[in-house]
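**Student:** Please find the sequence and the predicted model below.
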Amino acid sequence: MGKNILFICGTLNQTTQMHAIARELPEHHCFFTPFYLEGFTAFLHRLGLMENTAVGDKLSRNVNRYLAGHHLPVDPGGKRDNYDLVVMCTDLLVQKNLYGKRLLLVQEGMTEPEGLRYAGVRLLGLPRYIANTASFGLSNTYHRFCVASPGYRDLFIRKGIPPEKLVVTGIPNFDNIVAYLDNDFPYHDYVLAATSPTRETFQRDDRSGFIQQVVEIAEGRQIIFKLHPAENERRSRREIERLAPGALVLQEGDINAMIANCAVLVTQFSTVTYIGLALGKKVYSYLDLDELNRLMPVQNGGTSARLIAEECRSLLATPLYAS
């Protein structure tokens, strides 16, 4: 008899990863919920202060459209409360109604560098979400944690995560990067700049300097800016039009195809940097490229969702007190 599994979605990338895993579990009853808040974070959301995060109305609408378009059963907030397993795409905030259940955490993508806010989380006990993805995995509330690569397993162990909880499975959307070469994006051989929503998450961003860097790298070639979905689009377009007139600015569309067709990729703090590196593109980034090559998600031909599903089955077969 099938078990009840709740998949907690977040960004559209996280949502498609959750869906990919669920497709590999046809014998079970899979339900989905957009990411939900409670307590103080719910209060901030009501004030409109979390609009540029995964729980903002704009990104939530994208997720809801995806779930409805694929006719997926939705249980907002996991209110059925009879789940045998919960699959999470983040543990920066773990909802109270998840405690006491089997929890499996799946790495979504890149973790940010450890800075002052990360130190505040570790030393002062500040909420994990203050340090964003640098604090990914630190809740230790889950029973199993599926990670992108051996390099990431080593990184999470260094951060204090118990090794026995970590399983290298690869992660959907980043485990078969060569497949992105087959696309119908109409442009080729341009300089692609992928921006990050650093200002929207209250971090420093010298956006003018970044745009000027892109223009210098392009040396007259066509430039395409792909804005992060959580960005303030109007502000970003205005800045680009002033400093890089003639550049094409996109907020929607498949960035994987855009990277596959570009000649040069320029990023700030973005998981898509991995796409460029894996495809052998010339890459410029604020991130340490040598470190990213060490952390590169395993390329297993698109089988990560199946491997994570096997971990789900294993966890379901383990008594909760022993898991």
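**Tutor:** On my side now, so go ahead.

**Student:** So which residues of this protein form helices?
**Tutor:** For the chain, the helices defined by DSSP state H cover 12-23, 39-46, 57-69, 116-124, 150-158, 207-218, 233-243, 255-261, 273-278, 289-295, 304-316.

**Student:** Make JSON lines from those and add mean neighbour count and mean pLDDT to it.
**Tutor:** C-betas here are computed from N, CA, C, even on glycine. Shown next, in JSON lines, are the helices of the chain (neighbours: other Cβ atoms under 10 Å; pLDDT from 0 to 100):
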{"stretch": "helix 12-23", "mean neighbour count": "21", "mean pLDDT": "95"}
{"stretch": "helix 39-46", "mean neighbour count": "13", "mean pLDDT": "65"}
{"stretch": "helix 57-69", "mean neighbour count": "15", "mean pLDDT": "82"}
{"stretch": "helix 116-124", "mean neighbour count": "14", "mean pLDDT": "90"}
{"stretch": "helix 150-158", "mean neighbour count": "17", "mean pLDDT": "97"}
{"stretch": "helix 207-218", "mean neighbour count": "16", "mean pLDDT": "96"}
{"stretch": "helix 233-243", "mean neighbour count": "15", "mean pLDDT": "94"}
{"stretch": "helix 255-261", "mean neighbour count": "22", "mean pLDDT": "97"}
{"stretch": "helix 273-278", "mean neighbour count": "23", "mean pLDDT": "95"}
{"stretch": "helix 289-295", "mean neighbour count": "14", "mean pLDDT": "94"}
{"stretch": "helix 304-316", "mean neighbour count": "20", "mean pLDDT": "98"}
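
**Student:** out of those helices, which comes closest to residue 142?
**Tutor:** Set against residue 142 and scored by Cβ to Cβ, these come closest in helix 304-316, at 9.7 Å.

**Student:** which residues sit against that closest one?
**Tutor:** For helix 304-316, the external contacting residues (Cβ atoms under 8 Å, 6 or more residues apart in numbering) are 3, 5, 17, 20-21, 23-25, 28, 84-85, 87, 102, 104, 106, 143-144, 146, 167, 169-172, 174-175, 298, 300, 323.
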